[in-house]
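1. when you get a sec, could you give me coordinates for this:
(one chain, ligands or ions: 1)
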Amino acid sequence: MKPIQKIAIIPGDGIGQEVVPAALRVLDHLEAKHGLSIERETFDLGAERYLRDGTTMPAELMERFREEFGAIFLGALGDPRVPSNVHAKDILLGSRFQLDLFINLRPIKLLDSRYCPLKDKGPEDIDIMVFRENTEGLYTGIGGQFKRDTPDEVAIEAEMNTRKGVERIIRAAFAYADSAGKSSVCMSDKANAMRHGHDLWQRTFKEVAAEYPHIRAWHLYVDVLCMELVRVPERFEVIVTNNLFGDIVTDLGAQLQGGIGLAASGNIHPGRVSLFEPVHGSAPDIAGQGIANPLATVLSLGMMLEHLGYPELHGQLKDAVSHCLTHGHVTRELGGSMTTDAVTDAVIAFLS
Ligand code: ATP
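-> Residues are numbered from 1 along each chain as shown. Predicted coordinates for the structure are as follows:
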């Protein structure tokens, strides 16, 4: 059975207000062409709303997301007028934690070699799926400050690793590798320095890997992973790691695939409402100019459609983005001169 065919749309802040409508134009086209009907409801959440009435994320909305929607489509959150970023924290981290979106899935796929900063690397060399743990690690806010603003100040940020949390993300990585015909899974941690939490990762990884004897399970400390990703990205098929390391490593990966304007992501709990968003932020420096690259959001739309039961449409969107890159239908940050709308038109023209 397909998930609920209804999506919640949160354009959010800055360029989110431009790239989400662009991707929804692509969705309009796909729906008309394939006779689909995915119900949509748009939510006025983000910095404007917070500044207007203090609302960040209404508690009852989380319940509605859980019950009534198959997916959430988010643009970006972040606004210089809200330096605390409290709205972004409540909406994005709130969704990740309260909806238990434990998989942060971030594909690193080079679609055209001319956008890769590494020399002599092509699309066949960079095709990696990163499984970033998304509900624990260093991002739970556990810790505190003591004697703040004094010379004796102490600040503690605790990393939480649970057996359940570590096991389910490792299992998700192996299950994906198995079903996608990948031959290896690399787990990355810093167990040589972080002896408690990351020892749990080591032991759990070995146990789960034993259930998949046909998949090569290997390990790199995260510092070595960063070096190897740049030196020999073709070594990697699937990477599984914790929340903080996944955050950092996938930004590195975004550059390998051509920049932050092309990086898509899903915050997923299989079989439940899940959230899809481009990796980039609200980019206040270019917001309102109509020059934001919509392709990361188009690829995120593809991941969402796959989650909703249409993997073939995800494939079509990847082909469309590939076509735009190959033919130079790109925005300024990729060396082109096209607007957000013009690139979106090129995507739609390819799909027609
Ligand atoms: P935050 O995540 O706090 O909202 P931000 O928006 O400053 O941060 P990023 O979104 O990571 O940070 O972007 C960094 C820079 O990359 C932006 O300032 C912008 O110049 C560029 N950038 C990001 N996304 C895009 C995009 N879709 N198209 C073109 N340029 C982009």
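2. hmm, Val185 is touching His214, no?
-> No: at 11.4 Å, Val185 and His214 do not qualify as touching, with contact defined as CB atoms under 8 Å. Backbone N, C-alpha and C define where each C-beta goes, glycine included.
3. got any residues that touch both of these two?
-> The overlap between the contact sets of Val185 and His214 (CB atoms under 8 Å, 6 or more residues apart in numbering) is empty.
4. neighbour count for these two, which is higher?
-> Set Val185 next to His214 and count neighbours by other CB atoms under 10 Å: Val185 wins out with 27 against 7.
5. could you say which helix or strand holds the more buried one?
-> Val185 is part of strand 184-189 when elements are defined by DSSP states H and E.
6. near the ligand, which residues of the stretch 1-150 of the chain are found?
-> For the stretch 1-150 of the chain, the contact set with the ligand under CB under 6 Å from any ligand atom comprises 15, 76, 78.
7. circling back to that earlier point, pLDDT (mean, whole number) over the strand holding Val185?
-> Taken as a whole, strand 184-189 has a mean pLDDT of 98.
8. stretch 77-95 too?
-> Mean predicted confidence for stretch 77-95 is 92.
9. run through who's touching it.
-> With CB under 8 Å, 6+ apart as the test, stretch 77-95 has contacts from 10, 12-14, 16, 45-47, 49-51, 56-57, 62, 65, 72, 74, 101, 139, 267, 275, 277, 281-282, 284.
10. buried ones from those, can you make that a ChimeraX selection?
-> Only the buried entries of the contacts of stretch 77-95 go into this ChimeraX selection, using 16 or more other CB atoms under 10 Å:
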select :10,12,13,14,16,45,46,47,49,50,56,57,62,65,72,74,101,139,267,275,277,281,282,284
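11. how far away is Ala283 from Ala209?
-> Relative to Ala209, Ala283 is positioned 39 Å away (CB to CB, to the nearest Å).
12. and Ala59, what pLDDT?
-> Ala59 is assigned a pLDDT of 87 by the prediction.
13. got the residues of the stretch 1-150 of the chain next to the ligand as TSV, with neighbour count, distance to His196 and secondary structure columns?
-> Below are those laid out as TSV (neighbours: other CB atoms under 10 Å; distance: CB to CB, whole Å; DSSP: H, G, I helix; E, B strand; the rest coil):
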residue	neighbour count	distance to His196	secondary structure
Ile15	32	40	coil
Ala76	31	35	strand
Gly78	22	33	coil
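14. out of these, who's nearest the ligand?
-> Of all these, Gly78 has the smallest distance to the ligand: 2.8 Å, by CB to the nearest ligand atom.
15. from Ala292, how far off is that closest one?
-> 13 Å.
16. send me the longest helix along the chain as PDB with only the CA atoms.
-> Once the chain is assigned using DSSP state H, the helix that runs over the most residues is helix 16-34. Extracted in PDB, the C-alpha atoms of helix 16-34 (Å, rounded to 0.1, in the frame of the first residue of the first chain):
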ATOM      1  CA  GLY A  16      13.100  28.500   0.300                       C
ATOM      2  CA  GLN A  17      10.300  30.800  -0.900                       C
ATOM      3  CA  GLU A  18      11.700  30.600  -4.400                       C
ATOM      4  CA  VAL A  19      13.000  27.000  -4.800                       C
ATOM      5  CA  VAL A  20       9.900  25.300  -3.300                       C
ATOM      6  CA  PRO A  21       7.400  27.000  -5.700                       C
ATOM      7  CA  ALA A  22       9.800  26.100  -8.500                       C
ATOM      8  CA  ALA A  23       9.800  22.400  -7.600                       C
ATOM      9  CA  LEU A  24       6.100  22.400  -7.100                       C
ATOM     10  CA  ARG A  25       5.800  23.600 -10.800                       C
ATOM     11  CA  VAL A  26       7.700  20.500 -11.700                       C
ATOM     12  CA  LEU A  27       5.300  18.400  -9.500                       C
ATOM     13  CA  ASP A  28       2.300  20.100 -11.300                       C
ATOM     14  CA  HIS A  29       3.800  18.900 -14.600                       C
ATOM     15  CA  LEU A  30       4.400  15.400 -13.400                       C
ATOM     16  CA  GLU A  31       0.900  15.100 -11.900                       C
ATOM     17  CA  ALA A  32      -0.700  16.300 -15.100                       C
ATOM     18  CA  LYS A  33       1.400  14.000 -17.300                       C
ATOM     19  CA  HIS A  34       1.000  10.900 -15.200                       C
END
